[in-house]
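> Please find the sequence and the predicted model below.
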Amino acid sequence: MDTVQEINLRLERYYGKVDDLRPYWRVVWSDDQLEKQLRTHTKDGFQLLTPEVQEVPKYRQWIQHKYILEKLTPVPIENEFELPESHGLSYEPLWIFEDKNGNALPPQWDAIQLIIKSVHDAINYRGTKYKDPYSDPKTAPEVKEKELKALESSLFGNESQLGDALAYKEGVGYTGPIKEN
């Protein structure tokens, strides 16, 4: 069985590093991971006068005593302020080494390669792509008209002038035979 240090060296060698020398993939112990976050409240829930950067546990509150496979991932622009020291990249969990009952498992190189291959295959998948029905100006009006008629039918399909008149007590309905005097 490989040690975590050997696995991390192999991950670095096989899958590379970014310009600042952080590896794209790594295995970490959940209890050891900390991250610097911009916080607006104290641990006790009191609001701070000004937000401040605090070093907080990354996984400890959810995942205890387990190894995690992480991938270095771009931080969306709208979330960069929450991780001010991330420089646009953050390690995010992709796999927790545990069995179906939540018991910790040691990291295995073969499993890690399979997980990474699955992720890379999913990223490179070139299957059917969504085509916006309104993208073609020639057919867009017809598509819109068809969708509106379908919506109108689903909302008001069983209504008629007679039905509305009866519902608003403006009409009279008769279902029996006519009596002559």
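Thanks, I have it.

> any weak-confidence spans in this protein?
Along the chain, the model assigns pLDDT under 70 to residues 79-81, 83-87, 125-130, 157-158, 173, 181.

> just the strands in it please.
25-29, 34-41, 47-57, 67-74, 89-96 (DSSP state E).

> Next, the residues that contact the first one from outside, please.
Counting by CB atoms under 8 Å, 6 or more residues apart in numbering, strand 25-29 makes contact with 4, 7-8, 11, 15, 66-72, 91, 107, 112, 116, all of which sit outside it. Backbone N, C-alpha and C define where each C-beta goes, glycine included.

> among those residues, which ones are buried?
7-8, 11, 15, 66-72, 91, 107, 112, 116 (16 or more other CB atoms under 10 Å).

> Which two among these are spaced furthest apart?
Spatially, the most separated pair among the buried ones among the contacts of strand 25-29 is 15 and 66, at 21.7 Å (CB to CB).

> Would you map out the domains in the chain?
Following automatic domain parsing, one finds the domains of the chain at 4-124, 132-172.

> ok, now how distant is the closest residue to residue 47 other than its chain neighbours from residue 52?
Of all residues not flanking residue 47 in the chain, residue 41 sits nearest, at 5.5 Å (CB to CB, 6 or more residues apart in numbering). Separation of residue 41 from residue 52 (CB to CB, to the nearest Å) stands at 10 Å.

> now swap in residue 154 and tell me
52 Å.

> quick one, which of these two is more surrounded?
More crowded of residue 154 and residue 52, by other CB atoms under 10 Å: residue 52, with 11 against 8.

> OK, contacts around the more buried one?
By CB under 8 Å, 6+ apart, residue 52 lies in contact with 38-39.

> Mind doing that once more with 7 Å?
Residues near residue 52 by CB atoms under 7 Å, 6 or more residues apart in numbering: residue 39.

> For beta bridges, what are the partners of it?
Beta-bridge partners recorded for residue 52 (DSSP bridges): residue 39.

> Could you report the distance from it to residue 99?
Relative to residue 99, residue 52 is positioned 40 Å away (CB to CB).

> and what of residue 66?
Per CB to CB, residue 66 is found 10 Å from residue 99.

> what is in contact with those two at once?
Counting by CB under 7 Å, 6+ apart, no residue touches both residue 66 and residue 99.

> can you map out the helices along the protein?
Ranges of helices in the chain, per DSSP state H, are 4-15, 109-124, 140-156, 161-167.

> Point out the most buried one among the ones you listed.
Highest mean neighbour count among the helices of the chain (mean count of other CB atoms under 10 Å): helix 4-15, with a mean of 15.

> which residues make contact with that helix from outside it?
Against helix 4-15 from outside (CB under 7 Å, 6+ apart): 23-27, 67, 107, 109, 112, 116.
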